[in-house]
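> Output the structure for:
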Amino acid sequence: MASMAAILAAVSFAAAGVALRRRAAKKKGVHDSEDEISNLLEEHRSNQKKGAEKAPAGILAWRIILGVGIGFGSFQAPWQALPVLIDRKIIRDPALQLSDAELTISQTVIFVGWLLGAMALHPLMQRLVLKQVLVLIAIVMLAVSIAAITLPYFTPLSMTLLCGVRLLHGMCLNIQGVQYMYMQNCFPSYGSQLCSLVNALYAVVAVLMAVLCGSLTLQSDWRIESLTWFGLPIILGLFLGFPDLGNEAGRAGVGGVKLVSPV
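Numbers count the residues shown, from 1 in each chain. I've put the predicted structure just below:
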């Protein structure tokens with residue numbers, strides 16, 4: 001009996017020791033987790049502070065907001081909706097001889113291009129820095145703006161060329177997401193405010209475009225209207241948002257420096 005009692009007592013002490021050890025380890029794990037969370041929060045605040053310190057200031061900040069945020073972001077409304085508004089004018093252009101059904105197909109091609117552009121965006125962003133991606137898409141958009149009012153006039157291939165231009169048009173629509181990321185990187189402490197501003201002005205541009213295209217410019221030349229809404233904001237966006245672009249391009253031609261510097 002005495003030996004049995006001793007064995008039971010030993011087992012009890014061992015079980016109690018294991019339980020206490022597990023409890024202590026659990027408490028330590030909780031404390032470690034809390035410490036890790038605290039460290040992450042401190043690191044996040046530190047990164048925000050560093051981001052705020054390196055954020056552009058003064059005139060450069062306003063140029064980025066106007067050029068990238070508004071020129072590339074808010075003025076995406078025409079790129080997404082204007083083809084529907086000007087196609088009724090394109091139908092009446094005797095030099096093109098495009099039917100309503102053909103223009104409807106070309107509108108669908110825009111959305112196909114949008115999907116393809118989204119799929120190509122990830123590998124592109126792995127090879128280029130964000131600023132380079134933004135500038136590259138903007139330059140392609142300028143080329144599309146000119147091609148949209150010239151290439152369809154090659155009458156034997158009007159439909160084919162129009163669909164090709166609108167495929168690139170759709171691929172370039174992904175610039176809106178890129179400009180959001182760029183603005184967030186430039187102004188990490190004001191991301192939500194700038195996103196709200198860009199979206200609000202996007203709605204304003206959309207309303208203004210619908211009113212003008214449906215009344216004041218109803219009888220105007222569709223090519224002038226297209227170039228104004230498509231090309232002009234992109235030119236201003238490049239000029240305002242990237243004031244050093246010309247200098248860096250010149251250095252790239254002389255010394256092999258990259259076209260644009262990373263953000």
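
> Share the number of residues neighbouring Phe111, please.
Phe111 is surrounded by 13 other residues when neighbours are defined as other C-beta atoms under 10 Å. Just so you know, the C-beta spots here come from the backbone N, C-alpha and C atoms, and that holds for glycine as well.

> what helix or strand is it on?
Element membership of Phe111, judged by DSSP states H and E, is helix 100-127.

> What of Arg223?
Here Arg223, judged by DSSP H and E, is contained in helix 222-241.

> which of the residues in that helix are buried?
Buried residues in helix 222-241, counted by 16 or more other C-beta atoms under 10 Å: 222-223, 225-226, 228-231, 233-234, 236-238, 240-241.

> Quick one: the helices in the stretch 51-200 of the chain, in order.
When secondary structure is read from DSSP state H, counting those that start in this stretch, the stretch 51-200 of the chain shows helices at 58-64, 76-91, 100-127, 130-147, 158-172, 175-186, 191-214.

> Export the ones you listed as TSV, with columns for mean pLDDT.
TSV is the format used below for the helices of the stretch 51-200 of the chain (pLDDT from 0 to 100):
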stretch	mean pLDDT
helix 58-64	88
helix 76-91	93
helix 100-127	95
helix 130-147	96
helix 158-172	96
helix 175-186	93
helix 191-214	92
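
> Mind checking these for the one nearest to Ile70?
Proximity to Ile70, assessed across the helices of the stretch 51-200 of the chain by C-beta to C-beta, is greatest for helix 191-214 (5.8 Å).

> quick one, the closest one and helix 76-91 angle?
Taking axes from the mean of the first three to the mean of the last three C-alpha atoms, to 10 degrees, one finds helix 191-214 and helix 76-91 inclined to each other by 20 degrees.

> Kindly state the neighbouring-residue count (a burial measure) for Trp114.
If you count neighbours by other C-beta under 10 Å, Trp114 ends up with 17.

> list the contacts for the residue nearest to it when sequence neighbours are not counted?
Among residues not flanking Trp114 along the chain, Gly170 sits closest, at 4.2 Å (C-beta to C-beta, 6 or more residues apart in numbering). Contact analysis of Gly170 by C-beta atoms under 8 Å, 6 or more residues apart in numbering lists Val109, Ile110, Phe111, Val112, Gly113, Trp114, Leu115, Leu116, Gly117.
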